[in-house]
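A.B. asks: I need the structure of the sequence given here:
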Amino acid sequence: MPAHIPEPTEPSSLEPGSADPLGRERAHLADSRAALRAMREDVQALDIRDVTANWVNAAVLGAQIEERIKALADLSHTPLFFGRLDYLHVVGAEQAEGASGERFYIGRRHVHDANGEPMVIDWRAPVSQPFYRASKKDPLDVGLRRRFGYTGGDLTAYEDEHLTDPATDTFSGSAGGSRTSKLLQAEIERPRVGPMRDIVATIQPEQDEIVRSGLGGTVCVQGGPGTGKTAVGLHRVAYLLYAHRERLARTGTLVIGPNRSFLHYIEQVLPALGELEVKQATVDDLVAHVEVRGTDAADAAVIKGDARMAEVLRRAVRAHVTMPTEPLMVVRGSRRWRVPAYEIEEIVRELLDRDIRYGAAREALPQRIAHAVLVRMEQAGEAPDDRVQDAVARNPTVKAAVKAVWPPVDPAKLVLRLLSDTEFLAEHAEGLLSADEQKTVLWAKPARSVRAATWSSADAVLIDEANDLVQRTHSLGHVVLDEAQDLSPMQYRAVGRRCTTGSATVLGDLAQGTTPWATASWADALVHLGKADAVVEELTAGFRVPREVIAYASRLLPHMSPGLAEVRSVRESPGSLEVREVADVAGLDTAVVTACTESLRHEGSIGLIAADARIPALAEALTAAGHAFLSPGDETTAESRLTLVPASLAKGLEYDYVVLDEPAAVVDGEPDERTGLRRLYVALTRAVSGLTVLHAAPLPTQLGGQ
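C.D. replies: Model (predicted):
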């Protein structure tokens, strides 16, 4: 962050008589921290022994208090507030409640003093919204917006925007003097060590609109590298939890990422905003009904992930139902009650026509049969009640008939049979999968049992689909799906089942789709997700990747994702891109190590990205040179800042400086050119401050010259 610069001669007109504005703000920060400590101490001092009726209530309340204590923790290196709004005095006009003429400090959480007066306002509160959206053109009744600069946890600078003063069109303050916000840019460029940080101090108006969109609708965000789509999705969760806490506390929220390394990287964002209850998972975690020990060939995985497989499974499940051929005779005491086969068939067909889940229909069938028996009892002059109907439904004869007509289905065994039995698959895939496609997905060597089978990730998704056909999957209140462009239609269906009664935030970039089944359009993806009416928003302003770097990477777009909008970076950083040609392959490893050594002279994190096949050689070269390095998912620290990243795991990660090894090898490491170019596009766009590209082989022709 910029160091303190002497105070301008004229203080803000909204802060009259203040000779030391920076000192005043530091005092408010100290007072706010003291108030937060007092709030935490008040919670810690609570005695629950006299207010709970039993040990269960005491345990629940105790857990809630512990969570509250955690949420009130003061993170010493995290600014308690990052902005200030000075509202104008407005008479007779609609305005945020209580805002007229008021001053509010905007931060990550609410802080109040001993009298309950707010000292810091939560960034999600309505009164905070103009901090992100107010402008000279539309000041939203804000006279002055102040941003604060920090070094560690110390307030070191501030910067003012006079939104309603026509004579002032520049920023002023201890970091002012330009038409753009230096503090905003400094925050974006602040060196990255450790996990992903929140962007609560730098949210832009177009991002804020998405963050504050309502809970009822699903939003799909198409965003290129550096547009902040992941951060926007996480901040939307935090906002929804603030605005709809009781509802989401009941229904739950979930963040889904592409892999464990990615989830580890983002896991501290929500806790930093005071949200501790959001779960995280990969799609593989969601569908973990069996142990995954195998992988599919690309052609088999594409077919297994195709939405047609849902209908194949539906047919296979319903095929277990057989129509009765014999009447049912129920004996109760000295009486025998006969239900003819045609009547049972009518009941079965009605249940099939309702198309309810297989397991729910199976549970309903004995009650429907028992009701038919009760009708006969009433016709004979008896007066049976519900207890009699339940007893008839549990009658061994009825239970045996139900088992014969509507037998139980084990989802894993069903999928095992589909992938092992040629005739069974052909019967249920007729008209859906061609003979060649059926042959592709069949196992060459059928497994003897579910436990012995070598299941793949795509197989686990099929089992999850079959499981939902048998019994309903639990639905959450809100789901965030990141890097969604890499999901298959069947994976979208698996995620959609987790939010059938809730909403979703879908995040991705079609240009970064690197799976053989990568999404071609968001419209198709949202249909598979079950959210066809979702609003698609596009973020095209880049904040993370320097303009020189994103322009270089964007040379690939016409060759891999024609028609997709190029990201327009707002950050120009001369010298941020360097492409070095190495004379021969033998010297490449040494050149890469040298580039890493140079990058480590800068502050922040360093990522060495290379084709997966090159990782062992580069690991050996780094070790020989005495450079310790981390693996993706390991947390960077001030002492260990270099991470060796296989290109296949680079998606979603970011580093201050990136060294990219041999672009041609990244492209060649994929099964086809389009996927290879997309993988390279991902690798080229991980840098925040600088990118060094080293190559011995010719660069891909799509990149052209530097």
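
A.B. asks: and the gap between A624 and L618?
C.D. replies: 11 Å (Cβ to Cβ, to the nearest Å). For every residue, glycine as well, the C-beta is placed using N, CA and C.

A.B. asks: Compare these two (neighbour count), which wins?
C.D. replies: L618 (24 against 11; other Cβ atoms under 10 Å).

A.B. asks: which residues sit in contact with the residue lying closest to that one once chain neighbours are set aside?
C.D. replies: Sequence neighbours aside, A610 is the residue nearest to L618 in space, at 5.6 Å (criterion: Cβ to Cβ, 6 or more residues apart in numbering). Taking Cβ atoms under 8 Å, 6 or more residues apart in numbering, we find A610 in contact with 592, 618, 644-647, 660-662, 665-666.

A.B. asks: Next step: those residues restricted to helices.
C.D. replies: When DSSP state H is applied, those are split such that 592, 618, 665-666 fall in helices.

A.B. asks: Kindly reformat those residues as TSV and extend each row with pLDDT and distance to R674.
C.D. replies: What follows is the ones in helices among the contacts of A610, written out as TSV (pLDDT from 0 to 100; distance: Cβ to Cβ, whole Å):
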residue	pLDDT	distance to R674
V592	97	27
L618	97	26
A665	97	17
V666	97	13
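
A.B. asks: of those, closest to E538?
C.D. replies: V666 (26.6 Å; Cβ to Cβ).

A.B. asks: these two touch, right, L240 and H478?
C.D. replies: Yes. Using Cβ atoms under 8 Å, L240 is in contact with H478, at 5.8 Å.

A.B. asks: tell me, what's touching those two both at once?
C.D. replies: Counting by Cβ under 8 Å, 6+ apart, the contacts common to L240 and H478 are 215, 248, 253.

A.B. asks: Is the first one located within a helix, as I assumed?
C.D. replies: By that I understand L215. No. Counting by DSSP: H, G, I helix; E, B strand; the rest coil, L215 is not part of a helix but coil.

A.B. asks: Isn't it up against Y239?
C.D. replies: No. Contact between L215 and Y239 fails when scored by Cβ under 8 Å: they sit 9.4 Å apart.

A.B. asks: neighbour-wise, which of these two wins?
C.D. replies: Taking neighbours as other Cβ under 10 Å, L215 and Y239 compare with Y239 leading, 21 against 16.

A.B. asks: Where does that one fall, secondary structure wise?
C.D. replies: helix 229-243 (DSSP states H and E).

A.B. asks: just checking, what packs against that helix?
C.D. replies: Packing contacts for helix 229-243, counted by 3 or more Cβ pairs under 8 Å, 6 or more residues apart in numbering; DSSP states H and E, involve helix 205-211, strand 219-223, strand 253-257, helix 269-272, strand 478-481, strand 503-508.

A.B. asks: Let me know the next secondary structure element after that helix.
C.D. replies: From helix 229-243, the next helix or strand downstream (DSSP H and E) is helix 245-251.

A.B. asks: Tell me the buried residues in that next one?
C.D. replies: Within helix 245-251, the residues scored as buried using 16 or more other Cβ atoms under 10 Å are 248, 251.

A.B. asks: how about it as PDB, C-alpha atoms only?
C.D. replies: C-alpha atoms of helix 245-251 as PDB (Å, rounded to 0.1, in the frame of the first residue of the first chain):
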ATOM      1  CA  ARG A 245     -30.100 -15.800   7.000                       C
ATOM      2  CA  GLU A 246     -32.900 -17.600   8.600                       C
ATOM      3  CA  ARG A 247     -34.100 -19.200   5.400                       C
ATOM      4  CA  LEU A 248     -30.600 -20.300   4.400                       C
ATOM      5  CA  ALA A 249     -29.800 -21.500   7.900                       C
ATOM      6  CA  ARG A 250     -32.600 -24.000   7.400                       C
ATOM      7  CA  THR A 251     -31.900 -25.000   3.900                       C
END
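
A.B. asks: Phi, psi for the nearest residue to R250 once chain neighbours are set aside please.
C.D. replies: The shortest distance from R250 to any non-neighbouring residue, by Cβ to Cβ, 6+ apart, is to G477 (7.3 Å). Here is the backbone geometry of G477 (degrees, to the nearest 10): phi -80, psi -40.

A.B. asks: ok, G477 touching R247?
C.D. replies: Yes. Using Cβ under 8 Å, G477 is in contact with R247, at 6.2 Å.

A.B. asks: Check the contact lists of the two and give me the overlap.
C.D. replies: Counting by Cβ under 8 Å, 6+ apart, the common neighbours of G477 and R247 are L215.

A.B. asks: For the stretch 501-650 of the chain, which segments count as strands?
C.D. replies: Ranges of strands in the stretch 501-650 of the chain, per DSSP state E, counting those that start in this stretch, are 503-508, 535-539, 541-542, 568-569, 577-581, 606-610, 642-646.

A.B. asks: Figure out how far the third one is from the centre of its chain.
C.D. replies: A distance of 20 Å separates the C-alpha centroid of strand 541-542 from that of its chain, computed with Cα atoms, centre = their mean, to the nearest Å.

A.B. asks: by contact count, what packs against the worst-scoring helix or strand of the chain on mean pLDDT?
C.D. replies: Lowest by mean pLDDT, DSSP states H and E among the helices and strands of the chain is helix 182-189, with a mean of 74. Using 3+ Cβ pairs under 8 Å, 6+ apart as the contact test, the elements touching helix 182-189 are strand 142-151, strand 154-162.

A.B. asks: among those strands, which is nearest R674?
C.D. replies: Closest among the helices and strands packed on helix 182-189, using Cβ to Cβ: strand 142-151, at 42.6 Å.
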